[in-house]
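Engineer: what follows is a predicted structure for the sequence shown.
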Amino acid sequence: MNTQARTLARLIHSVETSDGAGVKLRRSIGSQRGLYLDPFLMLDEFGTENPDDYIAGFPPHPHRGFETVTYMLDGRMQHQDHLGNVGDLGPGGVQWMTAGRGVVHSEMPLQESGRMRGFQLWLNLPAKEKMKPAWYRDIGATEIPSIGLPAASGGGTVKVISGTVTVGELSLSGPMNTPERPLSTDPLYLDLHLPAGARFEHALPAGHAAFAYAYEGEAKIGEGDAARALPHQSAGVLTDDGDHVVFTAGAEGARLILVAGKPLREPIVQYGPFVMNTREEIEQAIRDYQSGELVSAQAPRESRPHA
Ligand code: FE2
């Protein structure tokens, strides 16, 4: 049995940037052209007390070819799309959106003051699913399992947005783990709250890409001689080999997300909010957006396998 622990392979530091109509955020994965961690295309952290940093929001814009996962820690946003869907995102809630063949939507703040904080992760779709119909689900905070960690390892909690966590006899899966809608990249998305010195160990399937991002405090990844520091606000990419990871929170405790998924190993061609496999498909996406075909209510085109 393989009991090798994964450790830190490299850091993708976050950089300040802005998107939408001027929302300030920190981007790590995806902050430079081609800086992906297959199947993850982008990770944005937004966090501010200043309404000027978020009030303009993200007015209508398109997406094609991947999924967006928005996790709100603080504040309220409203999502509206071209199909007339409207959904509110509140503290602790998640919106899981499959852009598929195309969506045009806005993401706007529902508050004029106070703190706005959270993450948006872009998760790629395999070629055969890039043109499936757009779909989304708003997941309220109460639908996301929260598990208390044993006092013997220092306590803390883990929230399961996607994937399965086993603590002692208890095994809980996230709201996106449904047999009706299997996710090809088998994503794990955990939010860990660890008091100072607390230890958390979690299994990771061999070959799945994985990273952690500490949004409060710092943590160590690995133990003994292999331990490496995960600094504040950087995506720490884990080594590929090994079947589990161990975190130990620093002196101030840590809040971090742990994200993992099965790599697609397909070509990636990105043009802003369109992520396809070939340049021709990107040119088609731009034409479809300009003509309105991207969001036409027609039956979705038949998706075709790629060589
Ligand atoms: Fe968007």
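Structural biologist: Received it, and whenever you're ready, just let me know what you need.

Engineer: use CA for all of it now, contacts and neighbours both
Structural biologist: Will do.

Engineer: dump the residue contacts of the nearest residue to residue 161 once chain neighbours are set aside.
Structural biologist: In this structure, residue 161 finds its nearest non-sequential neighbour in residue 174, 4.9 Å apart by Cα to Cα, 6 or more residues apart in numbering. For residue 174, the contacting residues are 144, 145, 160, 161, 162, 163, 164, by Cα atoms under 8 Å, 6 or more residues apart in numbering.

Engineer: in JSON lines: those, plus pLDDT, secondary structure and neighbour count.
Structural biologist: As requested, these are arranged in JSON lines below (pLDDT from 0 to 100; DSSP: H, G, I helix; E, B strand; the rest coil; neighbours: other Cα atoms under 10 Å):
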{"residue": "144", "pLDDT": "97", "secondary structure": "coil", "neighbour count": "20"}
{"residue": "145", "pLDDT": "97", "secondary structure": "coil", "neighbour count": "17"}
{"residue": "160", "pLDDT": "98", "secondary structure": "strand", "neighbour count": "23"}
{"residue": "161", "pLDDT": "97", "secondary structure": "strand", "neighbour count": "29"}
{"residue": "162", "pLDDT": "97", "secondary structure": "strand", "neighbour count": "23"}
{"residue": "163", "pLDDT": "97", "secondary structure": "coil", "neighbour count": "19"}
{"residue": "164", "pLDDT": "96", "secondary structure": "strand", "neighbour count": "19"}
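
Engineer: out of these, which one sits closest to residue 19?
Structural biologist: Of all those, residue 19 sits closest to residue 161, with 24.7 Å by Cα to Cα.

Engineer: distance of residue 260 from residue 51?
Structural biologist: Plainly put, residue 260 is 32 Å away from residue 51 if you go by Cα to Cα, to the nearest Å.

Engineer: neighbour count winner among these two?
Structural biologist: Using other Cα atoms under 10 Å, the more surrounded residue of residue 260 and residue 51 is residue 260, with 27 against 16.

Engineer: Three-state assignment for that one, please.
Structural biologist: The three-state label given to residue 260 by DSSP: H, G, I helix; E, B strand; the rest coil is strand.

Engineer: surely it meets residue 208?
Structural biologist: Yes - the pair residue 260 and residue 208 qualifies as a contact (Cα atoms under 8 Å) at a distance of 6.2 Å.

Engineer: for the most centrally placed residue in the chain, give its distance to residue 213.
Structural biologist: Per Cα atoms, centre = their mean, the C-alpha nearest to the average position across the chain is that of residue 121, at 2.9 Å. Using Cα to Cα, residue 121 is found at 12 Å from residue 213.

Engineer: need the contact list for residue 274.
Structural biologist: Contacts of residue 274 (Cα under 8 Å, 6+ apart): 62, 63, 64, 65, 282, 285.

Engineer: one more pass at 10 Å, please.
Structural biologist: 62-66, 99, 101-102, 281-283, 285-286 (Cα atoms under 10 Å, 6 or more residues apart in numbering).

Engineer: for residue 295, same thing?
Structural biologist: Applying Cα under 10 Å, 6+ apart, the residues near residue 295 are 62-64, 81-83, 101-104, 133-134, 288-289.

Engineer: flag the least confident of those residues.
Structural biologist: Among the contacts of residue 295, residue 83 carries the weakest pLDDT, at 82.

Engineer: next one: the residue nearest to the centre of the chain from residue 96, what distance?
Structural biologist: 10 Å.

Engineer: common neighbours of the two, please.
Structural biologist: By Cα under 10 Å, 6+ apart, the residues touching both residue 121 and residue 96 are 67, 68, 69, 70, 71.

Engineer: next, count neighbours for the first one.
Structural biologist: By other Cα under 10 Å, 24 other residues sit near residue 67.

Engineer: bridge partners for it, pull those for me.
Structural biologist: residue 98, residue 123 (DSSP bridges).
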